[in-house]
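1. Next comes the sequence, and after it the predicted model I'd like to discuss.
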Amino acid sequence: MKPFCYLLFLFFVVCTGAFAQPDLKHSFFISKKFCHPKDTLTGSGRFYRRAITTQNNEMYGVGRERRTGRDVDAIFIKFDQQLDTLWTTYFGGTDFDDLEFIRELPNGNLLLAGTTSSNDGDVWYGHTYSAREIWMVEVTTQGQIIKGKTFGGGNGSMIQDLDIGPDGMIYMAGMTNAADYDFTHPSFGFLNADVWFAKYDTAFNKQWIRVLSGNDEENFAQLKWLSANKLAISYYTVSTNADMLGSQALSQMDNMFHILDSNGIDIVKKRYGTSRWDTPVKLQCDTANQVFYISGYVDTAENELVYMTSMNYLPQNRMDNMYVYKIDSSGHIHYGKAYGSIYQSLHDGTCVLWDALFFKNHMYIIGQVVEGM
């Protein structure tokens, strides 16, 4: 049985020439489904996160599965070229374990990363606090564990992006509610979500962890490399303190964009958006033309967002249009456009952005338009 499940994707293709604005070329719907069965009574079944094809043209993926008599275990899967499962290996302890990212390491092994609440089994090195923490595992292509590491804090953390940098180091991004242990930093209060960025070497030794703290919430952290010493990060902020450029706040939720060097020091720092809600979700990079593309949700067209196909404004969900910003290496927006549906009811027409990627001089935005809810 095919392992992946596709649910009415809205697939956008956006041209990205060196000086062209992000014009929508075409979109189409995919409604064919290949689904793994799920037991709705017990909640068992698999949740597939991500998959990659290695340099040896082999396909692997990660995710999680709830098994009978156990909590959630992480899974590492090998696929054939038809996307059928060849084998599955389970990782984890007696609590919640989830693998969300997979990358190929320079030595040919695979880096898996996610979150765990366990401190036994395969995660015997986990912390004793009950909150979820960040989990890294190096495995062979046969599923043998080489080493693992956890880091985090007492109120729980998430990983939201991961990449192997041009220097061969591991770079990660996410959010945390912690202000202790590995995420010790000045905090504005309990459960005040902040974004974090970290650099580890391939031996899993920490190089640095940077937490960006506001007086309200930050989330949806993403990272992409522009060059050997320029790392771009994006996230949203609801904060108004100076570190979040609060004097430039445009609405309750704005885009934040940084370019860092490989030591985590700011080169560029910008805040922008509209007068309503702006939620960046995915960051991609065109290294050939030295520009970035941020895509996310928005419900109005103004300021740098000069065009929108749908002017629907549904304050109950604030997810009516998907936007794309084109940003240069100085943090200046060249163009901003948004695309949405024609539906006008409370729920119909809501856009859900699932992923975005840059491939062969085009941006591809994959999402879902919800109809008939």
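-> Received it, and whenever you're ready, just let me know what you need. Numbers count the residues shown, from 1 in each chain.
2. what's the burial count for the spatially closest residue to residue 133 that is not a sequence neighbour?
-> The spatial neighbour of residue 133 that comes closest, neighbours along the chain excluded (C-beta to C-beta, 6 or more residues apart in numbering), is residue 152 at 2.8 Å. In this view, the C-beta of every residue, glycine as well, is placed from N, C-alpha and C. Residues lying near residue 152 (other C-beta atoms under 10 Å) number 29.
3. Looking at per-residue confidence, what score does residue 152 get?
-> Looking at residue 152, its pLDDT reads 95.
4. what's it sitting at in phi/psi?
-> In terms of degrees, to the nearest 10, the main-chain angles of residue 152 are phi 160, psi -150.
5. Run a quick check on it versus residue 179, I expect a contact.
-> No. Between residue 152 and residue 179 there is no contact under C-beta atoms under 8 Å: 11.5 Å.
6. The most centrally placed residue in the chain sits in which helix or strand?
-> When C-alpha atoms, centre = their mean is applied to the chain, the residue found nearest the centroid is residue 160 (4.0 Å). Counting by DSSP states H and E, the element that carries residue 160 is strand 157-164.
7. Indicate each strand paired with the helix or strand just after that strand and its parallel or antiparallel sense.
-> Counting by DSSP H and E, the element after strand 157-164 in chain order, helix or strand, is strand 170-176. Partners of strand 170-176 in the sheet, by DSSP bridges, are strand 157-164 (antiparallel), strand 194-200 (antiparallel).
8. Pick the most deeply packed of those.
-> Neighbour counts (mean count of other C-beta atoms under 10 Å) averaged over each of the strands paired with strand 170-176 peak at strand 194-200, with a mean of 24.
9. mean confidence score for that one?
-> In this model, strand 194-200 has an average pLDDT of 97.
10. got a list of contacts for that strand?
-> If you take C-beta atoms under 8 Å, 6 or more residues apart in numbering as the criterion, strand 194-200 is touched by 134, 136, 149, 151, 157, 165, 169-177, 183, 185, 187, 206-214, 218-219, 221, 223, 233, 235, 260, 262, 264.
11. mind running it again at 7 Å?
-> Here strand 194-200 makes contact (C-beta atoms under 7 Å, 6 or more residues apart in numbering) with 169-176, 183, 206-214, 218-219, 221, 223, 233, 235, 264.
12. Could you do stretch 274-286 as well?
-> Residues contacting stretch 274-286 (C-beta under 7 Å, 6+ apart): 16, 220, 222-226, 232, 234-236, 250-255, 292-300, 302-303, 305, 318, 353, 355-358, 363.
13. Would you mind checking those for buried ones?
-> Among the contacts of stretch 274-286, those classed as buried by 16 or more other C-beta atoms under 10 Å are 16, 220, 222-226, 232, 234-236, 250, 253-255, 292-300, 305, 318, 353, 356, 358, 363.
14. Among those residues, which lie within strands?
-> Of the positions in the buried ones among the contacts of stretch 274-286, 220, 222-226, 232, 234-236, 254-255, 292-298, 353, 356, 358, 363 sit in strands, assigned by DSSP state E.
15. which stretches of the stretch 151-300 of the chain aren't confidently modelled?
-> Confidence mapping of the stretch 151-300 of the chain against pLDDT under 70 gives the ranges 190-191.
16. run the last query once more with 80
-> For the stretch 151-300 of the chain, applying pLDDT under 80 flags the ranges 189-191.
17. Dump stretch 78-98 to PDB, keeping only the CA atoms.
-> Coordinates of each C-alpha in stretch 78-98 appear next as PDB, following Å, rounded to 0.1, in the frame of the first residue of the first chain:
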ATOM      1  CA  LYS A  78      13.000   2.800   3.900                       C
ATOM      2  CA  PHE A  79      10.900   3.000   0.700                       C
ATOM      3  CA  ASP A  80      11.300   1.600  -2.800                       C
ATOM      4  CA  GLN A  81      11.000   3.800  -5.900                       C
ATOM      5  CA  GLN A  82       7.200   3.200  -6.000                       C
ATOM      6  CA  LEU A  83       6.900   4.600  -2.500                       C
ATOM      7  CA  ASP A  84       6.100   1.200  -1.000                       C
ATOM      8  CA  THR A  85       7.500   0.500   2.500                       C
ATOM      9  CA  LEU A  86      10.400  -2.000   2.400                       C
ATOM     10  CA  TRP A  87      11.000  -1.900   6.200                       C
ATOM     11  CA  THR A  88      10.400   0.100   9.300                       C
ATOM     12  CA  THR A  89      12.500   0.600  12.400                       C
ATOM     13  CA  TYR A  90      11.100   1.900  15.700                       C
ATOM     14  CA  PHE A  91      13.000   4.300  18.000                       C
ATOM     15  CA  GLY A  92      12.100   5.700  21.300                       C
ATOM     16  CA  GLY A  93      11.300   5.000  25.000                       C
ATOM     17  CA  THR A  94       8.200   4.600  27.000                       C
ATOM     18  CA  ASP A  95       6.900   8.100  26.500                       C
ATOM     19  CA  PHE A  96       6.100  10.200  23.400                       C
ATOM     20  CA  ASP A  97       8.800  10.100  20.600                       C
ATOM     21  CA  ASP A  98       8.500  11.700  17.200                       C
END
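18. Kind regards, and thank you for your time.
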